[in-house]
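Q: Could you work out the structure for the sequence below:
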Amino acid sequence: MLSHEELLAAVPQALRSVDVPGWGEKDSGKVRDIYRRDGQRLLITTDRVSAFDRVLGAIPYKGQVLNQLSAWWFEQLSDIVANHVIAVPDPNVTLAHEAAPLPVEVIVRGYITGVTKTSLWYLYDQGDREPYGIPLPDGLQKNDALPSPIITPTTKAEKGGHDERLTRAEILARQIVPTALWEEIEAVALAVFARGQAVAQAAGLILVDTKYEFGLVNGRLTLIDEVHTPDSSRYWIADTFDASGEPANFDKEFLRKWFAAQGYRGDGEAPQMPADFVAQVAARYIAAYEKLTGRVFVPGEMPANARIVRNVASQLSR
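A: Purely as a prediction, here's the structure:
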């Protein structure tokens, strides 16, 4: 683990954006710069932070953690489902197959938790015993394990929009995804989640819930985007978990809670994150990587744009 002093020194160098000549127009998402060429995508994961659907600054090495952890997870899951990775030529970069993303994001939940108005716990606490069309037993308490993991799908929100809650019946009735393909997605998502839970448990963590994005590459179901990272998944630290309170977490909920404590929930100007807090968040991302993979995080040289361009060009010319 990098020392607190090393993380503080890296704070002002956090990577915010990258330009790669020869790869066409850049499409910047919340945490990635994306380029397309010849049926391929160049995904450059920056250190940008998104919470409450806003870009709120940057956390050093966050991009490297998300990129390398996703690459590691894709390897662990390759016997279950194909993924879009072609190569990982840089700590921040993945070269991927261009995929036609499906219009549904798959959320798999192993616990009943959450505070937003679309969260499983909020709906259940309001008396809804079939949230997302899935019957749940009476008597569940917040943060309880569900009898078995469930899928709560949503549509992919357009920029500035919100996810639409969906049920399995709606997906099939509206033919948002063909029946046979949706059944395959359900089986694959639950198998991937079970593998994720087993790995997390061995690392002293609890994989609470996660988001999967699927696409089609040459008509084959393919796992895309990122997988089982602190940005796409909720992790609790197992030995802090008990029914009496909120468990400690290794995910971006830590970041959201800090902003909420400052009175910010996505409207107006966001408060500036102090360097010491930024270093704390960076340490949590790195700790999640190290616990899950069993590897020591060794950062690449802080990736200035020229270095990324040079490294990617040399890797892809081989």
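
Q: for stretch 145-154, which positions count as buried?
A: Leu146, Pro149, Ile150, Ile151, Thr152, Pro153, Thr154 (16 or more other Cβ atoms under 10 Å). The C-beta positions use only the backbone N, C-alpha and C, and glycine is treated the same way.

Q: Name the residues that touch that stretch?
A: Here stretch 145-154 makes contact (Cβ atoms under 8 Å, 6 or more residues apart in numbering) with 104-112, 118, 120, 131-132, 134, 136-137, 140, 163-168, 171, 186, 189-190, 193-194, 197.

Q: can we see that at 6 Å?
A: 104-112, 132, 134, 163, 166, 186, 193 (Cβ atoms under 6 Å, 6 or more residues apart in numbering).

Q: So what's the gap between it and the chain middle?
A: A distance of 17 Å separates the centroid of the chain from that of stretch 145-154, by Cα atoms, centre = their mean, to the nearest Å.

Q: Break down the stretch 1-150 of the chain into its helices, ranges please.
A: Shown for the stretch 1-150 of the chain, the helices assigned by DSSP state H, counting those that start in this stretch span residues 4-10, 62-76, 120-125.

Q: what's the most buried one of those helices?
A: helix 62-76 (a mean of 23; mean count of other Cβ atoms under 10 Å).

Q: Spit out the contact partners of the spatially most central residue of the chain.
A: Relative to the mean C-alpha position of the chain, the nearest C-alpha, by Cα atoms, centre = their mean, is the one of Ser232, at 1.8 Å. Contact partners of Ser232, counting by Cβ under 6 Å, 6+ apart, are Thr210, Lys211, Glu226.

Q: so where's the protein uncertain?
A: 157-163, 242-246, 301-318 (pLDDT under 70).

Q: and of the helices of the stretch 1-150 of the chain, who's closest to Gly263?
A: helix 120-125 (20.7 Å; Cβ to Cβ).

Q: ok now that closest one, how far from the chain's centre?
A: In terms of Cα atoms, centre = their mean, the centre of helix 120-125 is set 22 Å apart from its chain centre.

Q: for stretch 185-198, same thing?
A: Centre-to-centre, stretch 185-198 and its host chain are 15 Å apart (Cα atoms, centre = their mean).

Q: how about that stretch: buried residues?
A: Residues of stretch 185-198 classed as buried by neighbour count (16+ other Cβ under 10 Å): Ile185, Glu186, Val188, Ala189, Leu190, Val192, Phe193, Arg195, Gly196, Gln197.

Q: Please, which helix or strand holds the fourth one?
A: Using DSSP states H and E, Ala189 sits within helix 179-202.

Q: So what touches that helix?
A: By Cβ under 6 Å, 6+ apart, the list of residues contacting helix 179-202 from outside reads 77, 80-81, 106, 108, 149, 151, 171-172, 207, 212, 214, 221, 228.
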